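Engineer: Structure, please.
(chains A and B)
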Protein chains: 2
Amino acid sequence: MQIKGFTAAAVKAGIRYRDRLDLALIYSESPAVAAGVFTTNKVKAAPLLLDMDRLGKGKAQAILINSGNANACTGKEGMRMARETSAMVARQLGIEEDLVQVASTGVIGQPLNAQPFAEAIPRLVAALTADGFDDVARAMMTTDTVPKSSFRQIDIDGTEVSLLAVAKGSGMIMPDMATMLCFLVTDAQIVYPELQAAIRNSVEKSFNRITVDGDTSTNDMVLALANGAAGNRWIDEDNPEGREAFAVAVASLFKELALKIVADGEGATKLVTIRVVGARDDEGALNAAQTIANSSLVKTAFFGEDANWGRIIAALGRSDCLFDPERVAISFDDVPMVRDGVGLGDKAEEACTDVLKKDRFTVTVDLQDGSGTAEVYTCDFSLDYVKINADYRS
Amino acid sequence: MQIKGFTAAAVKAGIRYRDRLDLALIYSESPAVAAGVFTTNKVKAAPLLLDMDRLGKGKAQAILINSGNANACTGKEGMRMARETSAMVARQLGIEEDLVQVASTGVIGQPLNAQPFAEAIPRLVAALTADGFDDVARAMMTTDTVPKSSFRQIDIDGTEVSLLAVAKGSGMIMPDMATMLCFLVTDAQIVYPELQAAIRNSVEKSFNRITVDGDTSTNDMVLALANGAAGNRWIDEDNPEGREAFAVAVASLFKELALKIVADGEGATKLVTIRVVGARDDEGALNAAQTIANSSLVKTAFFGEDANWGRIIAALGRSDCLFDPERVAISFDDVPMVRDGVGLGDKAEEACTDVLKKDRFTVTVDLQDGSGTAEVYTCDFSLDYVKINADYRS
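Structural biologist: Numbering: from 1, shown residues only, chains lettered A, B, ... in the order given. Just a heads-up that it's a prediction; the model follows:
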């Protein structure tokens, strides 16, 4: 997987642990159009504050990413470190400092030490290669068990355009270890408003529709760099087909990565789609789906492979979605379990239990009250989730 | 523990399991003033719909309680069963049918079978005794590990008035097994509006301030019967001291029971008070405290005895409470851990870790932004929580 005009690399810097890839760099040979989406958490880590400010220009040329330390809740010193590490990269690359974006993931509240960065950045820049993205995906991992990347090629008015994205999980979640990060690079020629719109809309239907435990992070971010090296006809408001093709590619790329993240959710053994249909509107459907997807009781029942629809109805009942309890239908994949708010009995439950034994399945909740729909992706809640999160740091 | 004019009993009816107390009755020799607070879940079990309707009269004389089956999501047949079982009790006691309240806890979505009730109710009525409340507390238990009851005596204008309440947990939670039920009986002479106000206000500061996993139930309810047998001066709007004394007693009784419930939360090993101070208003403080108290990441860190304040700040940041991240202070009991949004270092963390080793402690979050305060009570999130909820029913 290569993208014209981009190189990447990762090295072992020893930021928190010895002997693992923990510092990565993505570099565009020319300044690229850049857009970003950042955590809605009111507590934002230093790198995000710096990046959001710099993205005002709509341009970036490099992204420096570290794991092992989130540089969050680190005060003025944390901001100074974000600036200082970006300056090191800029000097080494010979580019303007405010064309460098920075991203961090790891423990909150630990001061970031400049020394490993100073030592590693020259090696990192020297290692830049067109084939470096797999290493970047590895260096970003924390509690992730697998690196996550996806690739697309599309045709824009007869020119081949490539998109590559790397991401880490393990959820929307995990202020501490598993900040959600995603970096997209493309050789598309695209104007800033279109790039920003494509990634914001795609994030809404992908990374914002997954949940591992309902917690958001101080460090979540999605960044996109488009360097125009493909030389395609500009994607702008006068190129509706190009916009559409690009938007569809980003949406599909992000959805693929989002599903990889939730399938690799901490301790997850199952990937479950919660699909709500027949709501009065999409907003209600989304609220209902998210409430079900975040219920600890629903998620432990998935882990126990128990078609416990009572917990699904109870979660639905505490959501903000309006509905008539006596019209609710629920099925597991295509097996009906509840009709008109009442269970269909032991036979139905046996058949649904077989569905729950699968690694992936869909729970469909039909409120029979309108045409609002939403899909949310979640995982089960396992003993390992508690082990991972109780043991971490100790 | 006895209350003048009240008797109670419990028997083994075999509703779901053999050989355990699962059917209970509370009886007042005369019709009592009655008030109730019911789940806000949009899905309400049949008994609650029947009770809410009957409580329109402000009078009740008996409460029939079963465990083993929630009679929720059971449709018209479920309503018929709630009526039929209440009629059995009324006939056996020789009272009006709509003076009987019914309460159920257990599995959702299973049809309730009349046979065990028909067989057991004559035995149940025959067993009524002034000393029966301990058995009632036992018969209500599901995943509770201990029965829960509390008692108060107060003086109303020179007359001794007694209050006794029994409750079950294990949380605000648990649509399936651990519906929150509480029944208060008192010999106070009190008018309906004062009884209703006392229990509603007390519920708000007790049962509505605890959380085990953020799920609400289809069957949660608090019922209060006041039969006036103490012969005290009427508690009404012309008796402000009496109102105050009664309200304080109910509040303290409910808070004691609420803390017993959360301490016995499913799998809980620690009872943690989340105290938010210095918010712009009480509403914001409550939202912040509840978001922290419900965070799976915060609760697993408590289980791991890890002073992981980053998770607390991250949960705070996704709450609806407005605050300045750079003014936040956090302490564990009286040990400061965070000042001005920044951690106080390894020494502070060691001292805080000692606090976390205790069975009970308080996390205080000071937003330094106003005078709004709130307290919420939670427990840790343990391996046993997942085991209990994944294994149940299987």
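Engineer: which stretches of the stretch 151-300 of chain A form strands?
Structural biologist: In the stretch 151-300 of chain A, the strands defined using DSSP state E, counting those that start in this stretch lie at A:159-168, A:181-186, A:210-211, A:221-226, A:271-279.
Engineer: Any residue of the shortest one touching chain B?
Structural biologist: No. Strand A:210-211 lies out of reach of chain B by CB under 8 Å from any CB of the partner chain, never closer than 10.7 Å. Where you see a C-beta, it was placed from the backbone N, CA and C, and this is true even at glycine.
Engineer: Just name whatever secondary elements that strand is in contact with.
Structural biologist: helix A:240-263, helix A:282-294, strand A:372-379 (3 or more CB pairs under 8 Å, 6 or more residues apart in numbering or on different chains; DSSP states H and E).
Engineer: likewise the last one?
Structural biologist: Taking 3+ CB pairs under 8 Å, 6+ apart as the contact definition, the neighbouring helices and strands of strand A:271-279 are helix A:240-263, helix A:282-294, strand A:360-366, strand A:372-379.
Engineer: List the contacts of that strand.
Structural biologist: Residues outside strand A:271-279 that contact it (CB atoms under 8 Å, 6 or more residues apart in numbering or on different chains): A:259, A:262-263, A:285-286, A:288-289, A:292-293, A:302, A:321, A:323, A:359-380.
Engineer: and stretch A:96-105, how far from the chain's centre?
Structural biologist: The chain centre lies 19 Å from the centre of stretch A:96-105; the measure is CA atoms, centre = their mean, to the nearest Å.
Engineer: Give me the buried stretch members for it, please.
Structural biologist: Under the neighbour-count criterion of 16 or more other CB atoms under 10 Å in any protein chain shown, stretch A:96-105 has A:Asp98, A:Leu99, A:Val100, A:Gln101, A:Val102, A:Ala103, A:Ser104, A:Thr105 buried.
Engineer: how near is the fifth one to A:Pro31?
Structural biologist: Counting by CB to CB, to the nearest Å, the separation of A:Val102 from A:Pro31 is 17 Å.
Engineer: Following the record's annotation, map out the domains of chain A.
Structural biologist: Domain ranges of chain A: A:6-263, A:271-391, per automatic domain parsing.
Engineer: Kindly reformat those as TSV and extend each row with mean pLDDT and distance to B:Ala230.
Structural biologist: Below are those laid out as TSV (pLDDT from 0 to 100; distance: least, CB to CB, whole Å):
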stretch	mean pLDDT	distance to B:Ala230
domain A:6-263	90	48
domain A:271-391	91	39
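Engineer: Going by residue numbers, what spans are helices in chain A?
Structural biologist: Assigned by DSSP state H, chain A shows helices spanning A:46-54, A:75-93, A:114-126, A:133-139, A:192-205, A:240-263, A:282-294, A:296-303, A:309-318, A:346-356, A:383-391.
Engineer: so what does the longest strand along chain A touch, helix or strand wise?
Structural biologist: Ranked by residue count under DSSP state E, the longest strand found in chain A is strand A:23-38. On a contact count with 3+ CB pairs under 8 Å, 6+ apart, strand A:23-38 meets strand A:6-11, helix A:46-54, strand A:59-66, helix A:114-126, helix A:133-139, strand A:181-186, helix A:192-205, strand A:221-226.
Engineer: Please identify which of the ones you listed is closest to chain B.
Structural biologist: With distances scored as CB to the nearest CB, the stretch of those nearest to chain B is helix A:46-54 (10.4 Å).
Engineer: quick check: angle from that closest one to strand A:59-66?
Structural biologist: Here the directions of helix A:46-54 and strand A:59-66 differ by 180 degrees (axes from the mean of the first three to the mean of the last three CA atoms, to 10 degrees).
Engineer: Okay, A:Thr74 and chain B: tell me how far apart.
Structural biologist: Per CB to the nearest CB, to the nearest Å, A:Thr74 is found 7 Å from chain B.
Engineer: Give me the phi and psi for that residue.
Structural biologist: phi -120, psi 10 (degrees, to the nearest 10).
Engineer: A:Val107 is in contact with that one, correct?
Structural biologist: No. With contact defined as CB atoms under 8 Å, A:Thr74 does not reach A:Val107; the gap is 10.4 Å.
Engineer: Among those two, which residue is more densely surrounded?
Structural biologist: A direct count of neighbours by other CB atoms under 10 Å in any protein chain shown for A:Thr74 and A:Val107 places A:Thr74 higher, at 24 against 20.
Engineer: quick one: contacts for that one?
Structural biologist: A:Thr74 makes contacts with A:Ala45, A:Ala46, A:Met81, A:Gly109, A:Gln110, A:Pro111, A:Leu112, B:Val342, as judged by CB under 8 Å, 6+ apart.
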